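Quick one, fold the following:
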Amino acid sequence: MADSGAGPVVGPLVWPRRVRRASALLLVSALAATCGVTLPENGEPEWASPGLVGGGGWPFAGDPLAPSDAPGAHYLPDSSVVRLADGRIRLVPTGGEEAITVAATDPRVAEAVRSDQTWLARGTVPGRLVPQLVPCPPTGKNRPLRPDDVLQSSRSEIDSLKGAVKPPPTPPRVETTPPTPPRAETASPGAESGASGGKGGPLDLNTIMKRGCVPVQPRTNPPQVPTTGAPTRPPAAGKPGKPPKPKPTPTPSPTETASPAQEAGQHGQLTVAAATGKASGYRDMAARALQDLRLLTRPNGASLASWYGAWRYSWPRDSAFAAAAFTVTEHPAEARRILRFLARVQSRNGMWAARYNPDGSPVADGRHAQLDSLGWVLWASWFFRTENPQAAADLPELWTMVRRAADRLAASLRKDGLPPPSSDYFERPASSEQDPHRATLGVVGPVLAGLRSAAALARDLGHGDQANRYRSAAHKLQNAVAAKFAPVGYPRSPVRGGRMDTSVTFLSPPFGPSDGGVTDAVLSAAGKLALPNGGVLPGERWSGNAKVAWTPEMALFTLSAAASGRPEEAMARLDWLSGHRTSLGALPEKVDEYGRPAAVAPLGWTSSLVVLSLAALEKPLPVPDPG
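This is a model prediction of the structure:
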């Protein structure tokens with residue numbers, strides 16, 4: 001998560017006035033990042049950009065688009081080049097750091113778009129095969145699949161749907177006119193009442209159910225969110241306000257769904273045609289997320305949380321997920337660059353600083369150590385080696401980094417099997433937890449995933465002694481989780497009546513094996529953290545703004561559902577995330593009670609989690625198995 005802690009308290013009489021003023025500004029920035037507070041300047045928050053402008057060649061750089069330029073602006077297809085409302089083009093020239101505005105006929109436009117499209121095409125973009133659904137059994141023999149056939153939830157016979165929803169291939173192209181937003185094909189009247197019945201006409205729902213088919217029920221009311229890029233000012237205190245009316249925009253292309261919390265009675269039935277449109281929207285969201293991750297990754301491998309102020313740092317935790325997202329989409333060079341950066345900045349004792357400057361120097365702000373980062377980097381390293389052994393062979397420093405971190409984690413386990421208390425993704429001191437003397441699930445979950453991953457990686461690389469050691473440590477920690485967290489329902493702190501938070505997803509796939517008790521706890525936590533705007537809070541009794549939803553937490557619940565075999569839940573959450581992107585399609589860190597972006601966009605961690613979630617819906621992600 002973004003910056004959420006201030007440095008050590010300094011007495012006001014110790015430092016000169018200039019230093020005191022700078023410290024105060026830093027503290028305000030930290031509070032703003034934590035609590036959803038905005039810092040207005042000339043009527044707009046400083047972070048209020050709808051997304052990054054890119055398009056230049058190596059080294060890649062992203063420059064935020066000004067909110068005043070957002071109306072009518074959109075990215076050219078599969079690129080980070082922006083077409084403004086007046087038809088001119090905004091891009092970062094090759095070798096530059098700042099965006100320039102040029103005519104649409106400038107040869108640099110076609111070159112930049114072609115470069116971005118070529119990079120994207122080298123790998124894969126998940127989403128085209130989502131949802132993984134099959135048609136309900138139609139009447140008649142050998143009748144071809146029709147656009148108005150109703151779909152059911154199943155992973156079997158997936159090939160039949162793949163052929164139905166696969167769009168015709170389109171070669172890379174350069175557009176200088178506004179694209180038409182993709183929309184699902186209009187279904188026939190029969191699709192409203194049931195599956196197509198061939199010669200007998202449409203079938204009603206009862207007939208479909210008698211065949212043993214449970215039709216998928218998509219959410220048909222799209223979320224009413226503004227799409228002008230930067231959020232408008234909320235109503236004045238004490239005066240009731242209404243959410244602003246959304247303005248039409250050609251981008252992004254949110255899928256036709258609403259909040260995961262909507263009642264089932266408001267749903268229709270998902271047809272093949274609607275699934276085609278949904279898959280196209282998912283694919284576009286994944287492509288934008290990947291391009292944003294590319295712009296946030298510096299040439300030295302520092303993967304930045306985002307582009308602005310308190311977010312313009314590299315957290316090992318966020319970097320691990322960025323490496324995993326590049327890995328799963330077959331962009332090994334970017335994943336390897338991030339992992340090499342992490343290996344280079346790692347301390348000899350296996351630890352990492354809480355965060356790093358873009359140049360790789362640690363940020364010395366008194367922030368507490370975050371033991372969970374070791375676990376996440378170990379998981380990402382194993383994931384990289386498992387998915388692409390050949391690319392991992394070109395990273396000889398990978399094993400040294402893994403060994404140092406895994407040795408540190410294995411040695412850290414106490415007599416009760418748990419690691420020591422530590423700060424985690426909440427980025428607050430352990431002394432503030434319900435049980436300050438024991439590690440939170442936000443630490444325990446990643447450490448367990450990391451030890452399992454390290455054991456599996458050591459085994460695969462032929463390091464038998466280390467594999468046995470890490471496996472024993474993982475089993476010890478797993479038993480401690482069963483003894484301390486499971487009996488009380490997997491809360492954040494292992495106490496009876498403990499508060500739930502998103503970290504319960506760290507025990508579920510793809511980070512650990514499927515477990516019924518963990519699944520129940522994940523679903524319980526998701527319900528307790530749900531907000532009226534459709535999003536979720538990070539945890540119960542959240543100390544920040546209790547009306548502001550956080551997208552990384554929503555995306556973590558999404559990934560858990562996608563990797564655990566709950567595609568309908570995953571798609572509903574993906575639809576919420578898609579519907580709350582900026583006008584350029586970037587994923588913000590937070591969404592306020594009116595459905596507007598409430599913090600910087602794009603956020604790297606959310607982008608990575610969305611890519612991983614869509615990949616998990618198309619193909620099961622591997623789960624570390626230490627043996």
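
Could you use CA atoms for every contact and neighbour count after this?
Noted.

which residue ranges form the strands in this structure?
Assigned by DSSP state E, the strands in the chain fall at 40-41, 44-45, 52-53, 63-64, 74-75, 82-83, 89-91, 100-102, 133-135, 151-153, 549-550, 590-591.

Lowest average confidence across these, which one?
Among the strands of the chain, strand 40-41 carries the lowest mean pLDDT, a mean of 41.

Among the strands of the chain, which comes closest to residue 296?
strand 52-53 (9.2 Å; CA to CA).

Show me what the closest one is packed up against.
strand 63-64 (3 or more CA pairs under 8 Å, 6 or more residues apart in numbering; DSSP states H and E).

The strand it packs on: partners in the sheet, and parallel or antiparallel?
Within its sheet, and counting by DSSP bridges, strand 63-64 is paired with strand 52-53 (antiparallel).

looking at this protein, which helix or strand does the model trust least?
Lowest mean confidence among the helices and strands of the chain (mean pLDDT, DSSP states H and E): helix 158-165, at a mean of 38.

coming back round to it: now tabulate the strands of the chain in TSV and tack on mean neighbour count and distance to residue 448.
Formatted as TSV, the strands of the chain follow (neighbours: other CA atoms under 10 Å; distance: least, CA to CA, whole Å):
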stretch	mean neighbour count	distance to residue 448
strand 40-41	10	42
strand 44-45	18	39
strand 52-53	28	36
strand 63-64	20	38
strand 74-75	28	41
strand 82-83	28	43
strand 89-91	26	44
strand 100-102	15	47
strand 133-135	26	33
strand 151-153	22	32
strand 549-550	26	25
strand 590-591	27	28
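
Of all the ones you listed, which one comes closest to residue 542?
Comparing those by CA to CA, strand 549-550 comes nearest, at 10.8 Å.

how far does stretch 424-438 stretch from start to finish?
End-to-end distance of stretch 424-438: 12 Å, with CA to CA, to the nearest Å as the criterion.

and what of stretch 81-93?
One end of stretch 81-93 sits 10 Å from the other (CA to CA).

now stretch 576-593
For stretch 576-593, the end-to-end distance is 14 Å (CA to CA).

Would you mind measuring from residue 532 to residue 606?
Distance of residue 532 to residue 606, given as CA to CA: 20 Å.

now residue 614
12 Å.

Same question for residue 416.
Taking CA to CA, one finds residue 416 at 34 Å from residue 606.

Comparing those two, which shows the higher neighbour count?
Just comparing residue 416 and residue 606: by other CA atoms under 10 Å the higher neighbour count belongs to residue 606, 30 against 14.

what's the spacing between the more buried one and residue 554?
Residue 606 is 9 Å from residue 554, by CA to CA.

so how far is the longest helix seen in the chain from its chain's centroid?
Scanning the chain for the longest helix, with DSSP state H as the assignment, gives helix 272-296. Remark: helix 272-296 is offset 13 Å from the chain centroid, using CA atoms, centre = their mean, to the nearest Å.

Just name whatever secondary elements that helix is in contact with.
Against helix 272-296 (3+ CA pairs under 8 Å, 6+ apart) you get helix 107-122, helix 158-165, helix 316-328, helix 604-618.

Contacts for the third one, please.
Going back to what we said before, that points to helix 316-328. Helix 316-328 is contacted from outside by 1, 290, 293, 302-305, 332, 334-336, 338-339, 342, 352, 354-355, 372-373, 376-377, 379-381, 383-384, 387-388, 604-605, 608-609, 611-612, 615, using CA atoms under 8 Å, 6 or more residues apart in numbering.

any idea of the mean pLDDT in it?
98.

between that helix and helix 604-618, how big is the angle?
40 degrees (axes from the mean of the first three to the mean of the last three CA atoms, to 10 degrees).
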